[in-house]
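**Q** Predicted model, plus sequence, below.
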Amino acid sequence: MKKAALLIIGILFAGGLLLVAYAQEKGASGLSKSPVKIGQMISTTGAYALTGQRTLPAVNLAVEEINAGGGILGGRKVELMILDDGGIPERGASNIRKFAEEGCKGVSGTAWSSVAIAANEVCYEKKLPIIHSSSMAPKAAWNQKSWSFNITIELAETGNSKGLLKYAPRPFKTIFLIIENQDWARGAAGWYKSNWLGRTAAEPKIVGEEIVETNQTDFMSVLTKIKASKADAILISDTAAPAEANLVKQAKEVGLSQMIFFVQGTLNVDFLKLAGSAANGIIASETFWPEMPFPAAQAFVKKYANKTGGNVPDKITCLSYCAVKHLALSMDKAKSDSNYDAINKAILELEWDSPKGHIKMDPVHCRPAGGLYPVKAQDGKLVLLGEAVG
Amino acid sequence: MPEWALWIQYVLNGVVSGSTYALLGLGLTLVFGILWIISFVHGEFFMLGGFLAFYLLSKFADVPFLLSIPIAMVGVGLLGALLGKLTINPIRDRHWEFPMLSTFGLSFILLSAALMLFGGDYRTIPTPYNETVFRFSHFFLSAQKSIVILVTILLFLALRWILIKTSFGRNLRATAQDRVGAAAVGISSSFIYTWTFGLACAIAAAGGVLVGAVFNIDPYMGQTGLLKGWVVIILGGMGNVTGAVIGGMTIGIVEALGTGLLGSGWSEAIALGVMITILLLKPQGLLGVKRGM
């Protein structure tokens, strides 16, 4: 009897040990670990719907790559919870609350500054680390109150690219500004004005300024005015590709021979397609474009094309991809999906080679510094002109 | 460029933009001024005309651009007539809100259908005329914009001829003046409503083709154009086709001169200010007829 009891206890004990070992092995392989949920804000409706629809495949691609590489935090898969912000700040804020309720551990945010600023407040309240993709307003990434990051440069840097001037095909003394009637465009133009236009006798003088509407199509009278002003160059600060395309096509019609500069980030795929040969010769600075001659950029373009049946990624698409990856990799570096301070520290310290170039966050601006390249439009593509200007 | 030439160029620019406004106004003045229907769907037929021409010219490169205009007019005109018969005719005798709401709903249906079928991307209608620019002395005008002005004049003259010289036109005017009396002499108001609506849609489609060739097409272009159309017909006088053209040209020229004077941001405000001033002096519009209350 005693022997039988000892035998049973021994079997049970061995079985228990085996069970524990099996459970530990399963845990190590990650098969039983829950995924790391990341909230992703995208505008799939509203004024920015087209951009959002292009961005979706890119963020999914980022997650697929992370998971194919073994996931993060010991083999855990990354899963996106995607919500539409519609370009509306209030919706951005409510999305963050939903992300928090649904167990998201961080947020890959929006391209739109007003939405980003609204979302940041709630992220701080919910202690959710957040990286926005393309919001350039200073308050979209800040560390005055809490951490919130951005994967693109700040608005101020768009106007700080003095190096762009040396790529002008000829010197110019006077310039006319065309500015879209919205905050970003006005801000970008403002930075150009305060950084390299008209401050001294040596700098190009601003001879005129016209505010145009986002959905404006007819610019003939504006361009007639520019023709009469005899300005040497034109600076266009406009985010709407159709309006930009109409502007440059009509400039050709009016017979303007001035050099045309675009502010950073507006010489995009849609504009080049609509403007056609009228875009040739336009100079700007960009952080990403499909012909960017760097291996990581080309690899991303190829993967995106494979995923979308041949489509070409634009700047916001690339930045959104980078934002998701940076957040996930930072959690892995911090060895935690819930330690807010550790993750933010990791976001700040993480360095990696992304499609848009080397990413290392600037602790003051909470964004990667630099990575702004001079480009020229030629035959429907952008051509790199030289080293980074910002 | 001398100062005097600058202002003449502004006027020329204004005639071009005014022509596109006039095309929107011509059709709308038929629908509202003659059929007494407040139509929110007119802009969508303007948009559909542009898309029909775009796909026609993209798929069949041999089709001349100028031929795409009447093709778009016939296609969209027939669609407009059919939709008018199905959605507006049955309720045209009800209170004015019913046809208005019907056009409101139809507008959303057509816009949604356009977004699903065509997507939201902007496109430009291919035309060989944009590259040619006529330059004379200090002035310039592209061949494409010359076509806009010419087509507007032709459509205006054609519409006037239809209204004055054809039996359809006489019946249309009779129905507009007194529907009961017209019915008493055997004029079918159903037929008149259907085909007047179709004619208005056809003219809007021509506008869409021309605007799409000069600027862009997108599913929302009709909604932004509709407001201008209303301004034009109110200014010109509701139901008056000549008034629609004069109203369109007035708005276009004032906007262009406003840009020259104060800047692009003020041009619409100036144009609307001029419209309000004219209406204060002449509430029925430039060529409208005073009606009793």
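**A** Thanks, I have the structure now. All values derive from a computational prediction rather than experimental measurement.

**Q** for chain A, where's the lowest mean pLDDT among helices and strands?
**A** helix A:155-158 (a mean of 60; mean pLDDT, DSSP states H and E).

**Q** Tell me what A:Met41 is bridged to.
**A** Going by DSSP bridges, A:Met41 is paired in beta bridges with A:Leu83.

**Q** Assess the claim that it and A:Leu80 are in contact.
**A** No. Assessed by CB atoms under 8 Å, A:Met41 is found out of contact with A:Leu80, at 10.4 Å. C-beta here means a position set from N, CA and C on the backbone, and glycine is covered the same way.

**Q** Tell me which of these two has more neighbours.
**A** Legend: neighbour count by other CB atoms under 10 Å in any protein chain shown for A:Met41 and A:Leu80, higher for A:Met41 (31 against 20).

**Q** From A:Ser134, how far out is that one?
**A** Counting by CB to CB, to the nearest Å, the gap from A:Met41 to A:Ser134 is 12 Å.

**Q** now the helices for chain B?
**A** Ranges of helices within chain B are B:3-28, B:42-59, B:65-87, B:97-118, B:143-165, B:167-177, B:179-184, B:189-214, B:221-236, B:241-262, B:264-281, based on DSSP state H.

**Q** Can I get the ones you listed in TSV including distance to B:Pro126, mean neighbour count and mean pLDDT?
**A** Shown next, in TSV, are those (distance: least, CB to CB, whole Å; neighbours: other CB atoms under 10 Å in any protein chain shown; pLDDT from 0 to 100):
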stretch	distance to B:Pro126	mean neighbour count	mean pLDDT
helix B:3-28	19	24	93
helix B:42-59	5	25	95
helix B:65-87	7	20	96
helix B:97-118	16	16	92
helix B:143-165	11	17	95
helix B:167-177	34	16	91
helix B:179-184	44	14	89
helix B:189-214	8	26	94
helix B:221-236	17	24	89
helix B:241-262	25	24	92
helix B:264-281	28	16	87
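
**Q** CSV for the ones you listed, including distance to chain A?
**A** Shown next, in CSV, are these (distance: least, CB to the nearest CB, whole Å):
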stretch, distance to chain A
helix B:3-28, 4
helix B:42-59, 12
helix B:65-87, 16
helix B:97-118, 9
helix B:143-165, 8
helix B:167-177, 33
helix B:179-184, 39
helix B:189-214, 8
helix B:221-236, 6
helix B:241-262, 4
helix B:264-281, 4
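
**Q** Now that we have those, can you turn them into a markdown table and tack on distance to A:Gly69?
**A** Output for the helices of chain B, formatted as a markdown table (distance: least, CB to CB, whole Å):
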| stretch | distance to A:Gly69 |
| --- | --- |
| helix B:3-28 | 55 |
| helix B:42-59 | 42 |
| helix B:65-87 | 52 |
| helix B:97-118 | 37 |
| helix B:143-165 | 53 |
| helix B:167-177 | 71 |
| helix B:179-184 | 74 |
| helix B:189-214 | 47 |
| helix B:221-236 | 45 |
| helix B:241-262 | 56 |
| helix B:264-281 | 51 |
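
**Q** A:Gly371: which of these is closest?
**A** Nearest of these to A:Gly371, taken as CB to CB: helix B:264-281 at 33.6 Å.

**Q** For A:Ile175, which of the helices of chain B is the nearest?
**A** The minimum distance between A:Ile175 and these falls on helix B:264-281, with 17.3 Å, by CB to CB.

**Q** What strand or helix carries A:Ser285?
**A** Assigned by DSSP states H and E, A:Ser285 belongs to strand A:283-286.

**Q** Which residues does A:Val107 form beta bridges with?
**A** A:Gly39, A:Ile130.

**Q** can you pull the contacts of it?
**A** A:38-41, A:96, A:99, A:119, A:123, A:128-131, A:327 (CB atoms under 8 Å, 6 or more residues apart in numbering or on different chains).

**Q** Within range of chain B, give me the residues from chain A.
**A** A:49-50, A:181, A:210-213, A:215-222, A:224-225, A:227-228, A:241-242, A:245-246, A:249, A:253-255, A:270, A:274 (CB under 8 Å from any CB of the partner chain).

**Q** Could I have the buried ones of those residues as PyMOL selection syntax?
**A** Restricted to buried positions by 16 or more other CB atoms under 10 Å in any protein chain shown, the PyMOL selection for these reads:
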select buried, chain A and resi 49+50+210+211+212+213+216+217+218+219+220+221+222+224+225+227+228+241+242+245+246+249+253+254+270+274
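
**Q** To what extent is A:Lys105 buried, counted in neighbours?
**A** A:Lys105 has 24 nearby residues by other CB under 10 Å.

**Q** before we move on, what about A:Ile260?
**A** Around A:Ile260 there are 21 other residues, counting by other CB under 10 Å.

**Q** do A:Thr200 as well
**A** Neighbours of A:Thr200 under the rule other CB under 10 Å: 7.

**Q** burial measure for the residue of the stretch 51-200 of chain B found nearest chain A, as a count.
**A** With CB to the nearest CB, the shortest gap between the stretch 51-200 of chain B and chain A falls at B:Tyr122, namely 4.3 Å. Counted with other CB under 10 Å, residues neighbouring B:Tyr122 total 24.

**Q** re the thing from before, which one of the helices of chain B lies closest to A:Leu164?
**A** helix B:264-281 (25.7 Å).

**Q** how far is the closest one from where the chain is centred?
**A** Put simply, helix B:264-281 sits 20 Å off its chain's centre (CA atoms, centre = their mean, to the nearest Å).

**Q** Tell me the helices and strands packed up against that helix.
**A** Identification of packing neighbours for helix B:264-281 by 3 or more CB pairs under 8 Å, 6 or more residues apart in numbering or on different chains; DSSP states H and E yields strand A:205-212, helix A:220-229, helix B:221-236, helix B:241-262.

**Q** Sheet partners, orientation included, of the first one?
**A** By that I understand strand A:205-212. According to DSSP bridges, strand A:205-212 has the following sheet partners: strand A:174-180 (parallel).

**Q** Quick check, A:Val389 in contact with A:Leu372.
**A** Yes. Taking contacts as CB under 8 Å, A:Val389 lies within contact range of A:Leu372: 5.7 Å.

**Q** more crowded one of these two?
**A** Relative neighbour count places A:Leu372 above the other of A:Val389 and A:Leu372, with 24 against 20, counting by other CB under 10 Å.

**Q** Please report phi then psi for that one.
**A** The phi/psi pair for A:Leu372 (degrees, to the nearest 10) reads phi -110, psi 120.

**Q** what's the spacing between it and A:His132?
**A** A:Leu372 sits at a distance of 18 Å from A:His132 (criterion: CB to CB).

**Q** Ok, B:Arg160 next?
**A** Counting by CB to CB, the gap from B:Arg160 to A:His132 is 58 Å.

**Q** again with A:Lys273
**A** Distance from A:Lys273 to A:His132, by CB to CB: 27 Å.

**Q** quick one, which of these two is more surrounded?
**A** More crowded of A:Lys273 and A:His132, by other CB under 10 Å: A:His132, with 32 against 17.

**Q** Pull up the overlap in contacts between A:Met41 and A:Leu80.
**A** Common contacts of A:Met41 and A:Leu80, defined by CB under 8 Å, 6+ apart, comprise A:Ser108.

**Q** Count the residues that sit near A:Ala4.
**A** Using other CB under 10 Å, A:Ala4 has 8 neighbouring residues.

**Q** Provide the secondary structure category for it.
**A** With DSSP: H, G, I helix; E, B strand; the rest coil as the basis, A:Ala4 sits in helix.

**Q** before we move on, what about A:Val301?
**A** The local conformation at A:Val301, judged by three-state DSSP, is helix.

**Q** so what's it closest to, chain neighbours aside?
**A** The shortest distance from A:Val301 to any non-neighbouring residue, by CB to CB, 6 or more residues apart in numbering or on different chains, is to A:Pro290 (5.3 Å).
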